[in-house]
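# Sharing a model that was predicted from the sequence below.
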Amino acid sequence: MTWHILGAGSLGGLWAARLARAGVPVRLVLRDPAALARYRALGGLTLVEEGDSHLYPIPAETHATDTPIQRLLLACKAYDAEAAAAALAPRLAPGAEIVLLQNGLGSQDAVAARLPRAHCIFASSTEGAFREADFRVVYAGRGHTWLGIQGEEQAPAWLDDLRAAGIPHQWTADILAKLWRKLALNCAINPLTVLHDCRNGGLRAWPGEVAELCAELAALLEHAGQAEAAEDLHGEVLRVIDGTAANYSSMHQDVARGRRTEIAYLLGHACTQAERLGLTLPGLDDLLQRLREHLAARGLPVT
Ligand code: NAP
């Protein structure tokens, strides 16, 4: 069974290279003929691991190819996911499986609504990768990927492909808890690192602000039916701040490089859900307002 991978960026490239070298058939789906031409000129995708780089001549195509897709890894940013899914909808075979790698929440439901006949598998990953150049990906941090369909205990047999490829992963019937917990950790740390222009460790100077956000986020998780994901949230946030003290958060890096953030699927989603649940969370609302002003002042999208 061929894995089609849409988005030959950081995570998409990391998955594609590992699947391909394990002998799993992979095809990259690129944005347009210009991207395909650039890719072909390079002769493939390069993965850099612990300083060693290796070129993988993985076959690639554009959306316009008309062969059917049975298994798709959607590896674009959350704000591109719905449009990408809609573009590939005519090519999806009935019952196709789609793994959604997007961070945050909101984009998965939008994709699932576009593709009602597909099986959408949500994923939450702590792996780290970045694009050093076009079609050149650096594997920056070992991590783990949780995959699941909410309430579905039985892992699909094709997870064997991930095992063969050495992609650390686990199936869970409660993928929403994983996604909510990661969203809450993100909301407590990333926006503040942008507003205070600091590394994660710099947030030790703002203990009150962090504590207030954690209390509001825990209340949101509980009201959203995610009480387990709320447990010891503040403690874990403090551990992440200490454990990654020297790092710049992904949102800080995006803003510093003038790149669009996934704000709508992280802090924006948290505030929208709080409103929907009738919760007043002034700290989170104020944070969203300040972050939007900060992004707007730099000419970046605020949604
Ligand atoms: P990325 O490096 O920006 O890669 C996304 C890729 O998707 C880009 O190559 C982009 O092409 C492509 N793309 C977007 N729309 C497309 C379309 N319609 N057709 C074809 N290609 C399309 O992003 P990423 O860092 O891999 O992140 C992907 C998701 O994983 C995000 O939600 C992110 O938060 C999450 N995540 C990332 C990491 C990490 O370490 N990178 C870790 C955990 C979670 P263009 O360059 O042409 O736009």
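Looks like it came in fine.
# longest helix anywhere in the protein?
In the chain, assigned by DSSP state H, the helix with the most residues is helix 175-195.
# would you put the C-alpha positions of that helix in CSV?
What follows is helix 175-195, C-alpha atoms only, in CSV (Å, rounded to 0.1, in the frame of the first residue of the first chain):
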residue,chain,number,x,y,z
ILE,A,175,-6.3,11.0,21.1
LEU,A,176,-8.4,14.1,22.0
ALA,A,177,-6.9,14.1,25.5
LYS,A,178,-3.4,14.1,24.0
LEU,A,179,-4.2,16.9,21.6
TRP,A,180,-5.9,19.0,24.4
ARG,A,181,-3.0,18.5,26.8
LYS,A,182,-0.5,19.6,24.2
LEU,A,183,-2.6,22.5,23.2
ALA,A,184,-2.8,23.6,26.9
LEU,A,185,1.0,23.3,27.3
ASN,A,186,1.4,25.3,24.1
CYS,A,187,-1.0,28.1,25.3
ALA,A,188,0.7,28.4,28.7
ILE,A,189,4.2,28.8,27.2
ASN,A,190,4.4,29.8,23.5
PRO,A,191,2.4,33.1,23.4
LEU,A,192,4.3,34.4,26.5
THR,A,193,7.7,33.7,25.0
VAL,A,194,6.6,35.8,22.0
LEU,A,195,5.3,38.7,24.0
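# hmm, that helix touching the ligand?
No: counting by Cβ under 6 Å from any ligand atom, the ligand is not contacted by helix 175-195; separation bottoms out at 8.7 Å. No exception for glycine: its C-beta is placed from N, CA and C like everyone else's.
# Tell me which helix or strand comes right after that helix.
Sequence-wise, the next helix or strand downstream of helix 175-195 (DSSP states H and E) is helix 207-223.
# who in the protein is up against the ligand?
Neighbours of the ligand within the chain, by Cβ under 6 Å from any ligand atom: 6-12, 29-31, 75-78, 80, 84, 87, 101-103, 125, 127-129, 131, 262.
# list the buried ones in stretch 11-24?
Within stretch 11-24, the residues that qualify as buried are 11-21, 24, counting by 16 or more other Cβ atoms under 10 Å.
# Oops, could you answer that again for stretch 215-226 instead?
By 16+ other Cβ under 10 Å, the buried positions in stretch 215-226 come out as 216-221, 223-224, 226.
# would you turn those into TSV with pLDDT?
Compiled in TSV, the buried residues of stretch 215-226 are given as follows (pLDDT from 0 to 100):
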residue	pLDDT
Glu216	98
Leu217	98
Ala218	98
Ala219	98
Leu220	98
Leu221	98
His223	97
Ala224	97
Gln226	97
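# Which of those residues sits closest to Ala245?
Nearest to Ala245 among the buried residues of stretch 215-226 is Leu217, at 20.8 Å by Cβ to Cβ.
# Could you double-check that the closest one sits in contact with Ala184?
Yes: at 4.4 Å, Leu217 counts as touching Ala184 under the criterion of Cβ atoms under 8 Å.
# Find residues that contact each of those two.
Shared contacts of Leu217 and Ala184, defined by Cβ atoms under 8 Å, 6 or more residues apart in numbering, are found at 230, 233, 270.
# So which of these sit within helices?
Short answer: these in helices (DSSP H) are 230, 233, 270.
# confidence score at whichever residue of the stretch 1-150 of the chain sits closest to the ligand?
Nearest residue of the stretch 1-150 of the chain to the ligand: Gly9, at 1.8 Å (Cβ to the nearest ligand atom). We have a pLDDT of 97 for Gly9.
# No further queries at this time; thank you.
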